[in-house]
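Predicted coordinates and the sequence they were generated for:
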Amino acid sequence: MAEKKEPMAKAAPQQTAEKKEPKGILYPAEELAKAAHRFNTKEECVVAALKYYGKKEATIKETEELVKKFLQKEVK
């Protein structure tokens, strides 16, 4: 007896060359401020940096970058 062939399943759409990486967990500004030691600064600096850039929540990496950028700004 010959085996019955099933129709081929549709091929999955081709993934683009760029893979989507997880963006990270967003933390509220209050929580990030409490972890200011992680950014080698004081809570006030984290709060000020996030407020300056209009962020109410951010990832750890983004906060590190914003705090560093904020602390390097020229004081007028």
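Ah, there it is. These figures come from a predicted structure and were not determined experimentally. Residues are numbered from 1 along each chain as shown.

In the chain, what residue spans correspond to strands?
27-28, 57-58 (DSSP state E).

right, so the ones you listed: which one is the most enclosed?
strand 57-58 (a mean of 19; mean count of other C-beta atoms under 10 Å). Glycine gets a C-beta too; all of them are placed from N, C-alpha and C.

what does it contact?
26, 27, 28, 29, 32, 50, 66 (C-beta atoms under 8 Å, 6 or more residues apart in numbering).

pLDDT at the closest residue to residue 32 other than its chain neighbours, what is it?
In this structure, residue 32 finds its nearest non-sequential neighbour in residue 63, 5.1 Å apart by C-beta to C-beta, 6 or more residues apart in numbering. pLDDT, residue 63: 96.

Residue 63: neighbour count?
24 (other C-beta atoms under 10 Å).

Among the contacts of strand 57-58, which pair sits farthest apart?
Taking C-beta to C-beta as the measure, these span a maximum distance of 14.5 Å, between 28 and 66.

pLDDT weak spots in this structure?
Low-confidence segments of the chain (pLDDT under 70): 1-22.

can you pull out the helices in it?
Here the chain has its helices, by DSSP state H, at 29-34, 43-52, 60-71.

and the angle from the last one to helix 43-52?
Pointing back at helix 60-71 there. Using axes from the mean of the first three to the mean of the last three C-alpha atoms, to 10 degrees, the inter-axis angle of helix 60-71 relative to helix 43-52 is 90 degrees.

just checking, what packs against helix 60-71?
Counting contacts by 3 or more C-beta pairs under 8 Å, 6 or more residues apart in numbering; DSSP states H and E, helix 60-71 is packed against helix 43-52.
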